[in-house]
Each structure stands twice: as C-alpha cells, then as structure tokens.
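Engineer: sequence below, structure please.
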Amino acid sequence: MKIGICALTSNLEDALELCHSNTIINHIEIGIDNINNCEKLREYLDEIKNLGLSVGIHLPLELNTAEDINVIRDSWVDFVKTVHNKLDFIPIDYYNLHLGHVMTNRLNRNRRKYLDNTVDFLDKLRDIDNFKITIENNYTKGGDFSNIGTNVEDFKYIFQNTKNRNLHFCYDTGHDLINNSDYFQIGDKFKVVHLSDNNGKTDQHLGIKDGNLSEYMIRKALSSNSEYLVLEMGLGYVKKSSNHLKENYL
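Structural biologist: Next up is the predicted model:
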C-alpha cells in the first residue's frame, strides 16, 4: 500500500517540501479544480519525479455525475477528458471523484433515476485507455440538495450496472464518520482510502486520533486491499499522523 498526502495546486509547493522530509510518503493526490490547474502542475513535474511520487487526481467537487440535463452532464464528461488530455505529460494512477448532488425531494422520489445518470456518465469514460476512476463515498445533511453516494447501496447499484471495468472505490473515513454505512460489503472494489478524522458532524480533515475515528475503523481501513492510503488532512497534521501509522499499524 502506497502512503500519500493530498494537495491543491495552490499549496503543492508546501506539500512537496513535506514529502522531502517524510520518508513514508511516496504518493500524492492533487486536486484539479479547473483546466488552468493542469499547466500549473507541469511546473512541479521534475520535483514530483525526483521524489519518486506516484500521482492521483481529485476532480472538482462541483462535478455532478447525477446531473439530469444531458447536455450539462455531457459537458462534465468532456471536462474530465480534457483534463486527462492536458495531463498527458505525467502518469496518472487514478482520477477520484464525488458523485454529485440532486434536489432532495426529487432524489427521494426517484433515486434510481439519478444513479442511472451516474452510470451513464461513468460509461462514457470507459473508452479512454488506462483511465482508472475511483468513486468516493460522501455525506449529506439534508436541506434543499442532497449528495448521492452516501450509502453502500448506491455503490452496489453503480458497480452492478456500469460497463466501465476501470471503475473502483475510494473509501473516505471522514465522510463515513458523518454518514456511516457498511462500505466493506464492496471491499473487492477498494482501491484508495482517504484517511482523516473529525467530530462526526463536520468534515474537518483532522489528523488521526484528533477526532472520533476509532482504532477499529483505522485498522479496518488499513486491512482493506486498497493500493493507496491518502492522508487527506491539513498538512500540519501529516507528520504526527504518519508517525502514528508507522509506529502502530504499518
């Protein structure tokens, strides 16, 4: 299992400096929020290579696979393809994404419809060579809009119905603390674990042992068959959390 940290292009320099001093880190997951970020990433290519880091990409939180207006959903497909083409100068191990959101009353009336929209979105990416996708569990707090991908049944339906064989699962411990579900029912789909802690109410991205994340949850996440463990937390928590992992779990 590779151990990684997360960064945006805006704090990538600080993240890479941290990688220089932390020998346990050999992977980085970089958030790409718009097309311009792709060229920004090119500036750090040599340093990433020199550090021997593998790279994952976290696509924008605004991306909505469940979008019901076809032309808008297809525009997100085109966006993902454009990002992939713009990043042809660096090997990308996977692209991670959240599934999106729907008006709560519509989602409650016909959840399957929006899961089918998601399957359609993911299937339109299956023809890209060596393009691996991880879909991440999320949480929702109700209100006018609700996220999908907040329970294991959503993911079971997607994996059962998609034609995309390069599709995998990203298990986020912080999101599971807020909206708990038995995601280990799809343990054979695990590829990435996002490890962070919080108070069970807000996605705070704390270091492990700084919130409500139990020893049991940590051990269960680490015992999965995931290829990547990403410390998805503020950079200030990484040193303490990575030391704790090294001393107690790895």
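
Engineer: give me the packing partners of the helix or strand encompassing Ile158, helices and strands only.
Structural biologist: Using DSSP states H and E, Ile158 sits in helix 152-161. Counting contacts by 3 or more Cβ pairs under 8 Å, 6 or more residues apart in numbering; DSSP states H and E, helix 152-161 is packed against helix 111-123, strand 167-172. Every residue, glycine included, has its C-beta placed from N, CA and C.

Engineer: any idea which of the ones you listed is most buried?
Structural biologist: strand 167-172 (a mean of 24; mean count of other Cβ atoms under 10 Å).

Engineer: send me stretch 197-216 as PDB with only the CA atoms.
Structural biologist: Only the C-alpha atoms of stretch 197-216 are listed here, as PDB (Å, rounded to 0.1, in the frame of the first residue of the first chain):
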ATOM      1  CA  ASP A 197     -10.600  12.400  11.400                       C
ATOM      2  CA  ASN A 198     -13.400  14.700  12.600                       C
ATOM      3  CA  ASN A 199     -16.000  15.200  15.300                       C
ATOM      4  CA  GLY A 200     -18.700  13.100  13.500                       C
ATOM      5  CA  LYS A 201     -20.600  16.200  12.400                       C
ATOM      6  CA  THR A 202     -18.300  18.300  10.200                       C
ATOM      7  CA  ASP A 203     -15.700  17.200   7.600                       C
ATOM      8  CA  GLN A 204     -12.800  18.800   9.400                       C
ATOM      9  CA  HIS A 205      -9.900  16.900   7.800                       C
ATOM     10  CA  LEU A 206      -8.100  16.400  11.200                       C
ATOM     11  CA  GLY A 207      -5.200  14.100  11.800                       C
ATOM     12  CA  ILE A 208      -6.000  10.600  13.100                       C
ATOM     13  CA  LYS A 209      -6.700  10.500  16.900                       C
ATOM     14  CA  ASP A 210      -7.700  14.100  16.800                       C
ATOM     15  CA  GLY A 211     -11.400  13.400  16.400                       C
ATOM     16  CA  ASN A 212     -13.900  10.500  16.700                       C
ATOM     17  CA  LEU A 213     -12.200   8.000  14.400                       C
ATOM     18  CA  SER A 214     -11.900   4.700  16.300                       C
ATOM     19  CA  GLU A 215      -9.000   2.300  16.500                       C
ATOM     20  CA  TYR A 216     -11.300  -0.300  14.900                       C
END
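
Engineer: the residue nearest the centre of the chain in helix, strand or coil?
Structural biologist: Nearest to the mean C-alpha position of the chain, by Cα atoms, centre = their mean, lies Asn96 at 4.2 Å. Assigned state for Asn96: strand (three-state reduction, DSSP: H, G, I helix; E, B strand; the rest coil).
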